[in-house]
Each structure stands twice: as C-alpha cells, then as structure tokens.
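>>> Sequence and predicted structure are below.
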Amino acid sequence: MNHCSVRNVCVNAGKKVILDNVSVTISPGEWVSIVGPNGAGKSTLLSVMAGLRSSSGSVHLGDTDLADMTPRERAHHLAYLPQHPELPPDMSVSGYVLIGRNPHIPLLGSEGQRDIEILNQVLEQLSLEDFQNRTLDSLSGGELQRCHLARILAQDTPMILLDEPTTALDLGHQQQTLDLICRIRSQRELTVVMTMHDLSLAGQYSDRIILLSQGEVASEGTPKDVLNPDRLSALYGARIQVMEVDSDIVVIPTRSREF
Amino acid sequence: MSKAGPSSASPLAGRLQVSAVLIGGFACILAMGTSLAIGPASIDKTAVFKELIDRLPFIAIDSGLSPIHKSVIWEVRFPRVLLGALVGSTLAVSGASYQAVFRNPLADPYLLGAAAGAGLGATVAIVTGSGDGIGAFDMVPVLAFLGAMSAVVMTYLLGYSSGARRSPSALLLAGVAVAAFLTAIQTFIQQQNVDSIRQVYSWILGRLNTASWTEVQLLAPYALIATLVMFLSRRTLDVMRLGDTEASSVGLRPQVVRFLVIAAASLGTAASVSVSGLIAFVGIIVPHAVRLLAGTSNRIVLPLSVLYGAAFLAFVDLLGRSLVSPAEIPIGVITAFCGAPFFVVVLRTSRKALA
C-alpha cells in the first residue's frame, strides 16, 4: 500500500469548525490512533480519510487524490467501520460478512467461488465458523464486533479505518478485539487507523498517536511523546497521571481530593 | 443464545430455500391451472388438462374439445390467466424493490405517482373516446403507460431538486405531491365527463376481463426487462440495507442503485397498470407474506415475490370471476379486501416484519 496523506483538511458544519487545516500522513503498515476529547473531530477526520465526507483540502493515497476515485476504487484500497454500524437484525453473519466482498463483485453480479473462499477464511480467522448462520440480533457485543471486523477483512484492503472499535465493550472484549486486530495486522501487513477514547489502550497498541483538540492537531508522535500528563490534563480538563507498567503506558484519571 | 433466522439453513446467507420455491411453484400451478379450468363456459376439466398437455412438445393427446371450447381456453382464459400472473409478479417484485430502496416496509409500487399518472392517462383516453378498452388500437394502455412514466419522471425531477440526493424521503414527499396534483386533475376531468364515469371507475378498480394476447404482448417485454433488472439487483439491495454511508464505503453508489431499481420498478408498474388498471396492495401483501414465510433478505424476497405474486393475482382473479359468476367483482376490490386484514395480521403477529 502507498502512504495516505491528509493535506490541509477543513470541515465546517454551519458556522462550527469541526476540522481546521488538519494535515497528517499515515505510512504503510502503521497503526495510528486518533485520540482527543469529545467533539475534537476524530470521527470526522476518519470519515474524511474514508472519502465519505466532503471537505476542503485533500486526501491522497500515494499520488492519487481520493476525490478522483470512484467509490469502488476507494473500497479496493481502504475499508471503513463506523462507530455505530447499521445492523439489519435478521441478516445472517455470513450474509453480513459477504457485504465486504461488494467491491470485488460487479454491480448486478453475484458472489463467486473466490468470494465464498474468502468468506470461509475470514470466518475461520475470527473463529466465527459456528456463528455463520446465526442472525445478527442474536449475537453479544463481543461477537458482533468480530462480525464487523470480519466484514472489514473480507473487503481485503491494505488499510482499515476503525471508528472507536472498542466502544461499548467490556475490558476483556476490548483487549480481545485489539489483540485480534494486532494479530491480523501482522498476518496481513495491514495499515490500521482508528479513533479511540481509551488512552491507555491507544498508547499500548499504537505505533503513533494523533491528538486532536477543537479540530486541530494538538500533538502527534509516539505514544510516549503524545501522552504527556500536563498536555492531557489541559486538553481534557481532567486530572490525569501517566505511568509506565511493564513498558506499557497507562493513563489514569484521578479523583479530586477537594470533596 | 442460538437464535437463527429463516435463512439459517444455508451456508450462503439468504440463498433461496427449496421448500419456499416449491410451495410458490405449486401455488402458481394450482392457481393458474384452476383458473384455466373454471369459467362461465362449462368445459370438462379433464379435457382442459388434456388440451394443455397436448400443447407440450413431443406430446399429442386428443382432448375431445370442440373448436369453440378450445378457443375459449386459448383466446379467453389463457391470456387472462397469463396476464394476471404477469401483472401480479411484476407488481409484487416492484413493491419489494421499492421497499428495499426506500428502506420502508410500507412503500408500494404506486409510491412515486405511477398510479395517479396512469389514472389520468386512462381517464383522458376514455373521456376523449380514444380508448374503448378493447383491441390493439386502444389508447387506454398507451396513455396510462405514458401517464405513469411521466408522473415518476416528474417525481424524480421534483425530488432531486428538493434534496433527494441527500435524503430519499424527499423523493417520497415529491411522490405524494405529484400524485395529489395528478389525482386532482383526473378527478376534475372525470367530474366534467360523468357519462364515462363508469368506464373510468371500472379501470381504476382494476380489470383483467378485457385481457387478450394483445395485452400480454404489450406487457411482457417491459415486465421481463424490469423483473430481470430487479432480480439482478437483489444482492446490491441487501448491501443497501446498511444505509447509504456504509454502502458507499463498500464501493456502491447508492444514488445509482436507487435510480436503477426505481427505474426498473416504475417501468414494470407503469406497464402493468396500463393493461390491468389500478390493482392495489399486491406490491405490499406479497413481499410481506414472503418475508414472513422465508426471511427478509432481498435475495429471497425478490425472486419469491415474482412467484408468489403470480400465484396471488391468478388466485384473486379466479375469486373475482367465480364468487358472483357470471358477473365479476373488480380485482382491485378483492386485493384491497384481502390487503386491509392482512395488514392487521402482520401488525399483530410480527413487528419484526415491519422493522
């Protein structure tokens, strides 16, 4: 995959500035987390990178402007998982995962043998073989998250964009989901860009962190560089300690002693 | 938890269930066969069966029917049954397609003004005397078809100038406006020409009693093309269930899919109403019945709607011409009569079907 560069992106909603002249570059094979307080523009930046939201500025994949690509061409390069994916309740797991094959199938065509092979590979990779005939509304939160990832992986792109993939999961499932992404990333040499609220997990899993605040890049670099307690305290308006446990970064909010 | 949907029997989600296809096929053969065998002219049913077998390739059986009875079967009953099946299947699959693209279970084939446009066209043909309802040069189907297609095009233009690109609901509202406007004109023309009001009503309530091979030939090419496009779109319509943003993220252009499917469904609907008048509820009853029976994937609903729509309308037409024989009950009255209680049943038994 070629690098992805976001250049001078601005997004407004009415008079409100959501992204203000944001420029970032993602290198092939990187795991980059976009973090920041609520309303910082994390999800907007990810949807701009996915080509799903118009903006001023540009997003390039290698030398090609994303705006010059058709949705099908785009979907060959990057797969996007929104924060709250639409879930047709009675759709089966295999049917849902097969939707990821859409870019590889003609508009009025049907899935071929290759698509079914990839479906089976992905289901096996995510241990979903026994779930393939279950309907989506019968799955737990953790199982659903694996289904979403399976759909993204079935798309077979070199880059995946995940909007808060661990939201609404308990601690165990958060770790399992990120471990899974980590394992698949190394198997497939994927580039991963995700938005995260949990700074500890972002720090532990990412190669690089982009910290957004009020639509601007407040800081960018390795987790150790970016997750600075003073900076985080100022941006989040919170009391925060940053510790290192077994060479993993842990960001801890601490309570006020005034009350 | 081990809850599984209706499609759980298949390794590929939404693949057609053999049992549902067999039931639909059997219902189709039963309804069409019975319709061929029953009618005001008293013809021996075994002889009708033999006559049908006789027409199969490489088989020759003497049915013993007189030339008049043969003519009744091949020139009166057969085109009527075939037309009913074609109209039923086209309206049903069009309804299912509209429901899929608008993600609205109450969408029907007349949603974008096709019925009102066709009604206006047919009314104009009738009151000007250019349509007598019979024969190859009858202008009723021609003007009804043009009226239906014009109404859909007007709805599209109005909807897209009002933001339908961003939200399909603008298209629905445009359909309501266009339908109301055209219905007002149609009603005005109708009131100014009370001498032809009976003919207009007869058309509006739906009719297959004027069916001939001409109507079948008029409808068949449009119905086949429209149905083929909708059938081939069934996988894409399942992708559209994720909403425009996610569908776009997996490489679809939602507006293109919507345009393609709406164009096909509108073409099929316009062609159907032009030869059969306004037959209500088929586009809602049949797809919902299929969903309750076999699941909600469009891979299932669209093909089965073709089969069950044909069986349904063939059966309803049989009822319409048998219940008060030799008089007939307009077919649209019976579909509406079935449709209203069907909605109550659907509402009470399955909220999921409307979700």
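Perfect, thanks for sending it. Numbers count the residues shown, from 1 in each chain, chains lettered A, B, ... in the order given.
>>> For chain B, what is the nearest residue in chain A?
residue A:95 (2.6 Å; C-beta to the nearest C-beta). Using the backbone N, CA and C atoms, a C-beta is placed for each residue, glycine as well.
>>> what helix or strand does that residue sit in?
helix A:93-98 (DSSP states H and E).
>>> center of chain A - which residue?
residue A:162 (1.7 Å; C-alpha atoms, centre = their mean).
>>> Check the burial of the residue nearest to that residue when sequence neighbours are not counted by counting its neighbours.
Counting by C-beta to C-beta, 6 or more residues apart in numbering or on different chains, residue A:194 is the residue found nearest to residue A:162 once chain neighbours are left out, at 4.0 Å. The tally of other residues near residue A:194 (other C-beta atoms under 10 Å in any protein chain shown) stands at 25.
>>> what about the spatially closest residue to residue A:30 that is not a sequence neighbour, neighbour count?
Among residues not flanking residue A:30 along the chain, residue A:207 sits closest, at 5.1 Å (C-beta to C-beta, 6+ apart). Counted with other C-beta under 10 Å, residues neighbouring residue A:207 total 13.
>>> I'd say residue A:207 and residue A:28 touch.
No. Applying C-beta atoms under 8 Å as the test, residue A:207 and residue A:28 come out as separate, 11.6 Å apart.
>>> picking that back up, quick one: contacts for the residue nearest to residue A:30?
Shown in contact with residue A:207 (C-beta atoms under 8 Å, 6 or more residues apart in numbering or on different chains): A:30-32, A:222.
>>> can you rerun that using 7 Å?
A:30-32 (C-beta atoms under 7 Å, 6 or more residues apart in numbering or on different chains).
>>> and if you look at residue B:316?
So residue B:316 contacts B:331, B:334-335 (C-beta under 7 Å, 6+ apart).
>>> Which of these sits closest to residue A:158?
residue B:335 (53.3 Å; C-beta to C-beta).
>>> buried stuff in whichever helix or strand the closest one is part of?
Using DSSP H and E, residue B:335 sits within helix B:331-349. The neighbour-count check on helix B:331-349 (16 or more other C-beta atoms under 10 Å in any protein chain shown) flags B:331-336, B:338-339, B:342-343, B:346 as buried.
>>> ok, and what's touching it?
Under C-beta under 7 Å, 6+ apart, the answer for helix B:331-349 is B:205-208, B:277-282, B:284-285, B:288, B:316-317, B:319-320, B:353-354.
>>> let's see 6 Å
Residues from elsewhere that reach helix B:331-349, judged by C-beta atoms under 6 Å, 6 or more residues apart in numbering or on different chains: B:205-206, B:208, B:278-282, B:285, B:288, B:316-317, B:319-320, B:353.
>>> Cross those residues against helices and list the overlap.
In this view, the contacts of helix B:331-349 that belong to helices under DSSP state H are B:282, B:285, B:288, B:316-317, B:319-320.
>>> Show me how to select, in ChimeraX, the buried members of those.
Burial among the ones in helices among the contacts of helix B:331-349 is assessed by 16+ other C-beta under 10 Å; the matching ChimeraX selection reads:
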select /B:282,285,288,316,317,319,320
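>>> I'd like the ones in helices among the contacts of helix B:331-349 as a markdown table, with pLDDT and distance to residue B:51 appended.
Rendered in a markdown table, the data for the ones in helices among the contacts of helix B:331-349 read as follows (pLDDT from 0 to 100; distance: C-beta to C-beta, whole Å):
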| residue | pLDDT | distance to residue B:51 |
| --- | --- | --- |
| B:282 | 91 | 29 |
| B:285 | 89 | 32 |
| B:288 | 90 | 36 |
| B:316 | 93 | 24 |
| B:317 | 93 | 20 |
| B:319 | 91 | 24 |
| B:320 | 90 | 24 |
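>>> Figure out how far stretch B:114-125 is from the centre of its chain.
17 Å (C-alpha atoms, centre = their mean, to the nearest Å).
>>> Quick check: closest non-adjacent residue to residue 82.
By default, I'm working from chain A. Spatial nearest neighbour of residue A:82, chain neighbours left out: residue A:163 (5.2 Å); criterion: C-beta to C-beta, 6+ apart.
>>> you looked at the wrong chain, it should be chain B
residue B:216 (5.4 Å).
>>> Let me see the residues that make contact with whichever helix or strand the one you found is part of.
Assigning secondary structure by DSSP H and E places residue B:216 in helix B:213-232. Residues from elsewhere that reach helix B:213-232 (C-beta under 6 Å, 6+ apart): A:108, B:79, B:82-83, B:86, B:90, B:93, B:97, B:136, B:141, B:264, B:267-268, B:271, B:275, B:302.
>>> for those residues, which one is nearest residue A:250?
Distances from residue A:250 to these, taken by C-beta to C-beta, are shortest for residue A:108, at 52.2 Å.
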